[in-house]
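**Q** How does the following fold in three dimensions:
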Amino acid sequence: MDTVLKVAFIATSGVLLALVLKRHGAEYALIISVAAVGALFTFIFGYIQQITDYWRSLSAGYPMVDTVSGPLMKTTVIAVISRVTAEMCRDSEQKALAAGVEFAGTVVSAVIMIPLINAVLGLITSML
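**A** Modelled structure (predicted):
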């Protein structure tokens, strides 16, 4: 619970500071937004490490988990990065660029998921 409150505080502080600085120039507000997002990612890095460690411990006991976890984790990271980057583009009123970032993230995620799809198809084929 306290983690969510800290994240909310960082985000709210960033928004308020960006709104104040927006009067002096939109670029200052964007810099504050990027800094706040960086602070949020730095703050939750420990939690991301816990998830990664958990998946590694699972893959030690179950070889199939490694086949699933790699593409799943990579796709999740790509989705988060694409979403945050696209929203920053929208904040800067660059909607076409935001759509391009989202499209690129989708394409790269689809390519990364190919080994997972092959593994699932192989499993289905072996069951038949």
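
**Q** Counting by contacts, list what the host helix or strand of residue 78 packs against.
**A** Under the criterion DSSP states H and E, the helix or strand holding residue 78 is helix 63-91. Other elements packing on helix 63-91 under the criterion 3 or more CB pairs under 8 Å, 6 or more residues apart in numbering; DSSP states H and E are helix 26-61, helix 95-112, helix 114-127. To be clear about C-beta, it is placed using only N, CA and C from the backbone, and glycine gets the same treatment.

**Q** What residue spans form the domains of this structure?
**A** Listed domain ranges for the chain are 1-61, 63-128 (source: automatic domain parsing).

**Q** Now tabulate the ones you listed in a markdown table and tack on mean pLDDT and mean neighbour count.
**A** As requested, the domains of the chain are exported to a markdown table (pLDDT from 0 to 100; neighbours: other CB atoms under 10 Å):
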| stretch | mean pLDDT | mean neighbour count |
| --- | --- | --- |
| domain 1-61 | 85 | 13 |
| domain 63-128 | 89 | 14 |
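
**Q** quick one: the most centrally placed residue in the chain and residue 113, what's the gap?
**A** For the chain, the residue nearest the mean C-alpha position is residue 80 (1.8 Å; CA atoms, centre = their mean). Distance check for residue 80 against residue 113: by CB to CB, to the nearest Å, it reads 16 Å.

**Q** and the closest residue to residue 35 other than its chain neighbours, how far is that from residue 29?
**A** The shortest distance from residue 35 to any residue that is not its chain neighbour, by CB to CB, 6 or more residues apart in numbering, is 7.2 Å, and that residue is residue 14. In this view, residue 14 and residue 29 are 10 Å apart by CB to CB.
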